[in-house]
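*Asks:* no letters, just coordinates:
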């Protein structure tokens, strides 16, 4: 009987350690969570009015880039670019979409030949982007985030 009592007391004394949970601080939890987040992609892309009902991420991205491209190409087409020589070049535009859904051009790379032929081209592109109105920024885990995009724009003159 003494042995049974001894085993019972031993089990009671040691069994609590099996029910203890490891407590972590909020800082440790935060650090672990930050390591698991893929910061190179967003959960929802910035949205134009015609893209706001898209729910699939790939479709959101396509809609966003297509709407942006169409707007910029429309601006260039309005200018009816003409030169004495045939030109075909690519302009690289870098954008950021801020947390408040404003679109900003961060850099424009234009070839010198294209720049000489159309000295106002960069201004036209900047004004075109200023006219764009987004209805929502990108979101990561429900929080608005800044995103960056690069858009190549092909400019071609002549036949």
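*Replies:* Sure thing, it's come through. These numbers were taken from a predicted model, which means no experiment stands behind them. Numbering: from 1, shown residues only.

*Asks:* show me the strands in this structure, by range?
*Replies:* Under the criterion DSSP state E, the chain contains strands at 88-97, 103-109, 138-140, 143-145, 147-156.

*Asks:* TSV for these, including mean pLDDT?
*Replies:* Below are these laid out as TSV (pLDDT from 0 to 100):
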stretch	mean pLDDT
strand 88-97	92
strand 103-109	94
strand 138-140	91
strand 143-145	91
strand 147-156	90
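
*Asks:* out of those, which gets nearest to residue 118?
*Replies:* strand 147-156 (8.2 Å; C-beta to C-beta). C-betas here are computed from N, CA, C, even on glycine.

*Asks:* got the angle for that closest one vs strand 103-109?
*Replies:* Using axes from the mean of the first three to the mean of the last three C-alpha atoms, to 10 degrees, the direction of strand 147-156 lies 50 degrees away from that of strand 103-109.

*Asks:* report all helices and strands that strand 147-156 contacts.
*Replies:* helix 57-78, strand 88-97 (3 or more C-beta pairs under 8 Å, 6 or more residues apart in numbering; DSSP states H and E).

*Asks:* got the ones you listed as CSV, with distance to residue 49 columns?
*Replies:* As requested, these are exported to CSV (distance: least, C-beta to C-beta, whole Å):
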stretch, distance to residue 49
helix 57-78, 9
strand 88-97, 15
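
*Asks:* ok, back up a step: any idea which of the strands of the chain is most buried?
*Replies:* Neighbour counts (mean count of other C-beta atoms under 10 Å) averaged over each of those peak at strand 138-140, with a mean of 20.

*Asks:* for it, the distance to its chain's centre please.
*Replies:* Centroid separation between strand 138-140 and its chain, computed with C-alpha atoms, centre = their mean, to the nearest Å, is 7 Å.
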